[in-house]
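Student: Sequence first, then the predicted structure, then my questions.
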Amino acid sequence: MSEGQTPLLGPDLTQGVPVSMLADGAMLLGHAGGEPVLLARRGAEFFAIGAACTHYGGPLAEGLLVDDTVRCPWHHACFSLRTGEALRAPALNPVSRWRVERRGDAVHVREKHERPVRQRRPPAAGTPGSVVILGGGAAGNAAAETLRNEGYSGRITLISADDFPPCDRPNLSKDYLAGNAPEDWIPLRSAEFYREHDIELRLGCRAGAIDTANREVRLEDGGSCAYDALLIATGADPIRLAVPGADRPQVHYLRTLADSRALIAKTSWAKRVVVIGASFIGLEVAASLRARKLEVQVVAPEDVPMARIMGTEIGKFIQSLHARRGVVFHLGTTPAEIGDGRVTLESGETLAADLVVIGVGVRPATALAERAGLAVERGILVNEYLQTSAAGVFAAGDVARWPDRLTGERIRVEHWVVAERQGQTAARNILGRRERFDAVPFFWSQHYDLTISYVGHAERWDRIEMDGRLEAGDCRATFRRGDRKLAIVTIGRDLDSLRGERELEALITS
Ligand SMILES: Cc1cc2nc3c(=O)[nH]c(=O)nc-3n(C[C@H](O)[C@H](O)[C@H](O)COP(=O)(O)OP(=O)(O)OC[C@H]3O[C@@H](n4cnc5c(N)ncnc54)[C@H](O)[C@@H]3O)c2cc1C
Ligand code: FES
């Protein structure tokens, strides 16, 4: 979605607005030259930038000002008020910027600034001559872009087993699968972008081994690729279900665009689907296939979906949300066999199924790293700079386990925004910046018209403090262990989620 699609609201800022309308730290939504503009005040300074987030068009005026930046309420991207730059993923593009003039008691938005042209700087001493990125997902793409944004002019090769260029993976189970997003929303960047930025994409290309002594990646097609610095961003693979019939053609997993396309193709004739797994992906698939009018049944061993991550109360709420939309749950049981047009459960029940979608979790794709002798323990172990145990080798995204400063534990998550931010940090560290990765984890999940936002990380907790009413789709749940605040879940409270993120950030820096 582009900036220009947001309807024009608020005053015409070119006509000027009274200074008294904007207290210190306040934001005002208006427009200038036919575009939505956010006017913000920090002390005596006024800033005017595009009001729509460049990720999915989120309303920045409903976000949070933090120093001279603004954070998007939808998925927590962050933009500089001074330059319009996207400082934090998931936004990858800057917003526009306007000159602001104060005249007496009024502030006027004047002409739009030209977008700053990034200068490529000559490589600093010690900068690697070539960078190889293994993985064309969130982390790999963000790293490649960041290397160029930071002025890196050496060779960048991005090797991806996917046949498709880096894509908006979260959308594959949401609007795209539901039929509400065209496929041209799915690529993160155009083919021209990679050409213009001199990023060599090797698609449909699988790495088979890493030789850390000779700094070389060996490819399964027999080729090889030398590197000075390597980023492993191989993500995670869906866990395969070991039941009889799981290899039948009506059985699908969902990780890639090809997977999502294959599912969509079958929705043209399939009427009944059984989703195995009541995880985020399983339930997002359930919602999207309900949007396509399929009959959906969900099978999962737990008593309450998502209770392990969100607690019982929120889990029951999500279950009831799906049940109200016609999803039938079979909980506390697992499939015993997948047959022709049916799934038989351990409970003995048989469910009719033209289509079966399995979403029972993922495993980090660590095989290459293990074979190369890197330290691996439920993920590739990295330090706070995302360096692995091998010199010149970094890891980021779903595959990496890093020391999280909020919990004081080493963690690994499967969050889009974290993967992108880690890719960005790893890129800067490849260039010798020594930047710690200490962003508070964030993810979102979408079910019908309801979005759940989660900041922080709580694998274990002893208390959940609820504020607001779940049934009204308006609440905040704070997860605590002892006196430590670990995570905050919000529904219908985007600004609260941003404030929660700030609260957790303050715990890290204190
Ligand atoms: C359907 C779906 C919906 C999701 N929705 C959300 C959401 O709403 N919110 C959220 O926060 N997160 C969501 N996620 C999770 C999010 O997409 C992941 O956390 C994120 O993609 C991880 O990024 P990554 O770069 O680590 O790995 P990936 O994006 O998985 O990329 C890994 C890349 O490595 C490549 N690769 C693997 N092995 C090799 C090899 N040997 N050689 C070459 N290439 C290799 C793969 O082909 C792929 O290109 C969703 C995930 C899926 C699948
Ligand atoms: S719309 Fe702004 S971060 Fe997604």
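Tutor: Cool, the structure landed. What you are looking at is a predicted structure, and each value in this text was computed from that prediction instead of being measured. Ligands and ions are numbered 1, 2, ... in the order given.

Student: ranges for the helices of the chain?
Tutor: 138-149, 175-178, 191-196, 257-266, 280-291, 307-310, 312-324, 367-371, 416-430, 494-509 (DSSP state H).

Student: how far away is residue 225 from ligand 2?
Tutor: According to C-beta to the nearest ligand atom, to the nearest Å, residue 225 stands 33 Å off from ligand 2. Every C-beta, even on glycine, is put in place using the N, C-alpha and C of the backbone.

Student: number of nearby residues for that residue?
Tutor: Residue 225 is flanked by 20 other residues according to other C-beta atoms under 10 Å.

Student: can you check residue 370 too?
Tutor: A count of nearby residues for residue 370, using other C-beta under 10 Å, gives 11.

Student: Let me know which of the helices of the chain is the nearest to ligand 2.
Tutor: Smallest distance to ligand 2 across the helices of the chain (C-beta to the nearest ligand atom): 8.1 Å, for helix 416-430.

Student: Show me what that closest one is packed against.
Tutor: Counting contacts by 3 or more C-beta pairs under 8 Å, 6 or more residues apart in numbering; DSSP states H and E, the secondary-structure elements packed against helix 416-430 are helix 138-149, strand 229-232, strand 393-395, strand 442-447.

Student: how about those in JSON lines, adding distance to residue 63, mean neighbour count and mean pLDDT?
Tutor: Compiled in JSON lines, those are given as follows (distance: least, C-beta to C-beta, whole Å; neighbours: other C-beta atoms under 10 Å; pLDDT from 0 to 100):
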{"stretch": "helix 138-149", "distance to residue 63": "21", "mean neighbour count": "27", "mean pLDDT": "97"}
{"stretch": "strand 229-232", "distance to residue 63": "30", "mean neighbour count": "29", "mean pLDDT": "98"}
{"stretch": "strand 393-395", "distance to residue 63": "31", "mean neighbour count": "28", "mean pLDDT": "98"}
{"stretch": "strand 442-447", "distance to residue 63": "13", "mean neighbour count": "22", "mean pLDDT": "95"}
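
Student: list the contacts for residue 397?
Tutor: With contacts defined as C-beta atoms under 8 Å, 6 or more residues apart in numbering, residue 397 is in contact with 135, 137-140, 233, 235, 418-419, 422-423.

Student: Now tabulate those residues in a markdown table and tack on distance to ligand 2.
Tutor: Written out in a markdown table, the entries for the contacts of residue 397 read as follows (distance: C-beta to the nearest ligand atom, whole Å):
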| residue | distance to ligand 2 |
| --- | --- |
| 135 | 22 |
| 137 | 17 |
| 138 | 13 |
| 139 | 17 |
| 140 | 20 |
| 233 | 21 |
| 235 | 20 |
| 418 | 13 |
| 419 | 14 |
| 422 | 17 |
| 423 | 16 |
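
Student: top of these by neighbour count?
Tutor: The most neighbours of any of these, using other C-beta under 10 Å, belong to residue 139, which has 36 neighbours.

Student: Against ligand 2, how distant is the closest residue to that one other than its chain neighbours?
Tutor: With sequence-adjacent residues excluded and distances taken as C-beta to C-beta, 6 or more residues apart in numbering, residue 139 is closest to residue 397, at 3.2 Å. From residue 397 across to ligand 2, the span is 18 Å (C-beta to the nearest ligand atom).

Student: restrict the contacts of residue 397 to those near ligand 1?
Tutor: Taking C-beta under 6 Å from any ligand atom, the overlap between the contacts of residue 397 and the neighbourhood of ligand 1 is 135, 137-140, 233, 235, 419.

Student: on that earlier part again, any chance of the helices of the chain in TSV, with distance to residue 466 too?
Tutor: Listed next are those as TSV, based on distance: least, C-beta to C-beta, whole Å:
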stretch	distance to residue 466
helix 138-149	31
helix 175-178	29
helix 191-196	44
helix 257-266	35
helix 280-291	21
helix 307-310	12
helix 312-324	7
helix 367-371	41
helix 416-430	25
helix 494-509	13
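
Student: For the residue of the stretch 151-300 of the chain at minimum distance from ligand 1, give me its contacts.
Tutor: Closest to ligand 1 within the stretch 151-300 of the chain is residue 235: 2.4 Å, counting by C-beta to the nearest ligand atom. Contacts here follow C-beta under 8 Å, 6+ apart; on that basis residue 235 touches 135, 137-139, 364-365, 397-399, 419.

Student: who in the stretch 1-150 of the chain is up against ligand 1?
Tutor: Applying the criterion C-beta under 6 Å from any ligand atom, the portion of the stretch 1-150 of the chain that neighbours ligand 1 consists of 134-140.

Student: So residue 427 sits against residue 140, correct?
Tutor: No: because the distance of 10.0 Å does not satisfy C-beta atoms under 8 Å, residue 427 is recorded as not touching residue 140.

Student: which neighbours do these two share?
Tutor: Contact with both residue 427 and residue 140 is made by residues residue 231, according to C-beta under 8 Å, 6+ apart.

Student: thinking again about what came up before, and the residue nearest to residue 139, what pLDDT?
Tutor: In the predicted model, residue 397 carries a pLDDT score of 98.

Student: roughly how far apart are it and residue 437?
Tutor: Distance, residue 397 to residue 437, using C-beta to C-beta, to the nearest Å: 11 Å.

Student: any common contacting residues for those two?
Tutor: Between them, residue 397 and residue 437 have residue 422 as joint contacts when contacts are counted by C-beta under 8 Å, 6+ apart.

Student: beta partners for the residue lying closest to residue 415 once chain neighbours are set aside?
Tutor: Once flanking residues are discounted, residue 415 sits nearest to residue 443: 3.9 Å by C-beta to C-beta, 6+ apart. Taking DSSP bridges, one obtains residue 454 as the residues bridged to residue 443.

Student: For residue 443, give me its contacts.
Tutor: Residue 443 sits next to 413, 415-418, 453-454 when contact means C-beta under 8 Å, 6+ apart.

Student: and the residues you listed as JSON lines, adding pLDDT?
Tutor: Converted to JSON lines, the contacts of residue 443 look like this (pLDDT from 0 to 100):
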{"residue": "413", "pLDDT": "98"}
{"residue": "415", "pLDDT": "98"}
{"residue": "416", "pLDDT": "98"}
{"residue": "417", "pLDDT": "98"}
{"residue": "418", "pLDDT": "98"}
{"residue": "453", "pLDDT": "98"}
{"residue": "454", "pLDDT": "98"}
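
Student: could you dump those residues to a markdown table with distance to residue 82?
Tutor: Shown next, in a markdown table, are the contacts of residue 443 (distance: C-beta to C-beta, whole Å):
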| residue | distance to residue 82 |
| --- | --- |
| 413 | 31 |
| 415 | 28 |
| 416 | 27 |
| 417 | 23 |
| 418 | 26 |
| 453 | 27 |
| 454 | 30 |
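
Student: quick one: which of the residues you listed has the most company?
Tutor: Counting neighbours by other C-beta under 10 Å, residue 418 comes out on top of the contacts of residue 443 with 27 neighbours.

Student: Break the chain down into its domains, please.
Tutor: By the assignment in automatic domain parsing, the chain contains the domains 3-112, 130-237+363-430, 251-360, 449-509.

Student: Nice, that's everything, thank you.
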